[in-house]
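In: With the input below, show me the fold.
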Amino acid sequence: MEKTNKQVLIEKTTEMLEQAHASMKDKIEKACACGAIDIDSYDGSYRLPMIILVALLTDEKDQYSLTKEERKEAENIYYCI
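Out: Residues are numbered from 1 along each chain as shown. Okay, the predicted model is just below:
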């Protein structure tokens with residue numbers, strides 16, 4: 001049976017997400033060693049991990065070159081989720 005467009009879209013998006021996840025995991029150590037974080041004063045909460053995650057997601061977002069129309073479409077999807 002042939003896959004639906006939705007199934008193909010979900011598979012490709014999942015594949016890209018897994019690649020992004022691997023890339024971001026590799027950058028956690030780099031983020032901790034970059035000097036922008038005071039590891040010694042880290043209190044064990046989730047605040048600093050959230051900050052690192054936002055930085056990693058921002059970096060990942062910047063890996064893609066979208067046209068103005070594609071950025072608008074991404075923004076529309078963002079508002080729906």
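In: Enumerate every residue touching the spatially most central residue of the chain.
Out: Central residue check for the chain by C-alpha atoms, centre = their mean: the C-alpha nearest the mean position is that of residue 57, 3.4 Å away. By C-beta atoms under 8 Å, 6 or more residues apart in numbering, the contact list for residue 57 reads residue 24. The C-beta positions use only the backbone N, C-alpha and C, and glycine is treated the same way.
In: What does the pLDDT read for it?
Out: pLDDT for residue 57: 94.
In: next one: residue 62
Out: 89.
In: circling back: after the strand or helix carrying the residue nearest to the centre of the chain, next one along is what?
Out: Counting by DSSP states H and E, the element that carries residue 57 is helix 47-61. Counting by DSSP H and E, the next helix or strand C-terminal to helix 47-61 is helix 68-80.
In: Pull out the buried positions in stretch 34-50.
Out: Under the neighbour-count criterion of 16 or more other C-beta atoms under 10 Å, stretch 34-50 has residue 48 buried.
In: Quick one: end-to-end distance for it.
Out: 17 Å (C-alpha to C-alpha, to the nearest Å).
In: Looking at that stretch now, give me its mean pLDDT.
Out: 94.
In: what does stretch 65-79 give?
Out: Stretch 65-79 shows an average pLDDT of 96 in the prediction.
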